[in-house]
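S.K.: coordinates only, sequence not included:
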């Protein structure tokens, strides 16, 4: 990749000088009505331009300007440009024409002087113009490359952080489910094989599909249903899930595991209703552009304040993790509302569908 990039840079430089040489030769050839003279003149001038430009690029700028030695840079640039102006005057006179400064305004006295002040000044400004033009191009290209590099670095940082946040979610699934399986094996329950099958499906999704930027909404729903089925094995009839889906899920995509923390939280930190059951309501409303996701459950009734404090801290970390991931993925393009009301805990989340696919 480095060699390809280097070759592209060299090609760009060659194309620039060829293009500029052609433009200059045609312009002055038309001005003088003598294209042969214009080409000869530019063949002398352009090596001088090139030497001065690259001396500025690869010596003066890195050695002086980039080190904030502004006075030294300006002095060196002035002297080197003036020197190359004299070289150009002499070479043009020796190799091209003895007609000094043919493009000058009508001033016979000045035209007769090889090192006339006006002539030297005009050639000096011409060389300085080339330096300024190329520096402007270089600064623009460098700025664009720096911006692209910063954007790539930012993207990589976000992807790394997202991977880390996603990785924090995955172990939680496994620990919860393995605890359920452990309890069943101790009881030698006939439900253990079905639990292993559900766990296998969950692991397949988490390990393989969770690496994708987006998964289908159907996959997400299936994953949530598997999770609920596993928890029902553990809780039995005490766990009552009201799972409602409205709208068409075809071709709808969201990031993997983006809804899972809310589902886990509803079971892990949910409490019993007055009737003594764990009631959890989950609703997904799918429309063309957005997914509306709702979860509601009862609070746990902790009498021990230390347990309550530990719960709040653990739940808080999980929510911070989830909110951070949402913000990294969607910026301001999502809505999250978490509230408590009459011993009920509810989450309302609105996400744009196929958002990451459309962004890329």
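M.R.: Cool, got the structure. Computed from a predicted model, the values in this text were never measured in an experiment.
S.K.: Would you map the strands across this protein?
M.R.: Under the criterion DSSP state E, strands of the chain are mapped to 215-216, 239-246, 253-254, 270-271, 278-286, 290-299, 335-341, 344-352.
S.K.: ok, residue 344 - contacts?
M.R.: Neighbour list for residue 344: 296, 297, 298, 299 [criterion: CB atoms under 8 Å, 6 or more residues apart in numbering]. Just so you know, the C-beta spots here come from the backbone N, C-alpha and C atoms, and that holds for glycine as well.
S.K.: The same query, at a cut-off of 6 Å, please.
M.R.: With contacts defined as CB atoms under 6 Å, 6 or more residues apart in numbering, the neighbours of residue 344 are residue 296.
S.K.: before we move on, back to that, compile the strands of the chain into TSV and extend it with columns for distance to residue 84 and mean pLDDT.
M.R.: Output for the strands of the chain, formatted as TSV (distance: least, CB to CB, whole Å; pLDDT from 0 to 100):
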stretch	distance to residue 84	mean pLDDT
strand 215-216	63	90
strand 239-246	76	92
strand 253-254	61	92
strand 270-271	80	78
strand 278-286	70	93
strand 290-299	64	92
strand 335-341	64	88
strand 344-352	59	92
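S.K.: So which of these is nearest residue 134?
M.R.: In terms of CB to CB, the element of these nearest to residue 134 is strand 344-352, at 45.3 Å.
S.K.: and the strands of the chain, which is most packed in?
M.R.: strand 253-254 (a mean of 22; mean count of other CB atoms under 10 Å).
S.K.: Turn the strands of the chain into TSV, including distance to residue 75.
M.R.: TSV is the format used below for these (distance: least, CB to CB, whole Å):
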stretch	distance to residue 75
strand 215-216	63
strand 239-246	75
strand 253-254	61
strand 270-271	76
strand 278-286	69
strand 290-299	63
strand 335-341	60
strand 344-352	58
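S.K.: any weak-confidence spans in the stretch 1-150 of the chain?
M.R.: Confidence mapping of the stretch 1-150 of the chain against pLDDT under 70 gives the ranges 1-5, 103-112.
S.K.: now do 50
M.R.: The model of the stretch 1-150 of the chain has pLDDT under 50 over residues 1-4, 108-112.
S.K.: quick one on the thing from earlier: indicate which one of the strands of the chain is closest to residue 63.
M.R.: Set against residue 63 and scored by CB to CB, the strands of the chain come closest in strand 344-352, at 51.4 Å.
S.K.: ok, the closest one: who's next to it in the sheet?
M.R.: Using DSSP bridges, strand 344-352 pairs in its sheet with strand 290-299 (antiparallel), strand 335-341 (antiparallel).
S.K.: Residue 46: which of the strands of the chain is closest?
M.R.: strand 344-352 (54.9 Å).
S.K.: what's the angle between the closest one and strand 278-286?
M.R.: Interaxial angle, strand 344-352 versus strand 278-286 (axes from the mean of the first three to the mean of the last three CA atoms, to 10 degrees): 20 degrees.
S.K.: what comes into contact with stretch 44-61?
M.R.: For stretch 44-61, contacts defined as CB under 6 Å, 6+ apart pick out 21, 73, 76-77, 84, 88, 91-92, 95-96, 127, 130-131, 134.
S.K.: Could you identify the buried members of these?
M.R.: In the contacts of stretch 44-61, burial by neighbour count holds for 21, 73, 76, 77, 84, 88, 92, 96, 127, 130, 131, 134, counting by 16 or more other CB atoms under 10 Å.
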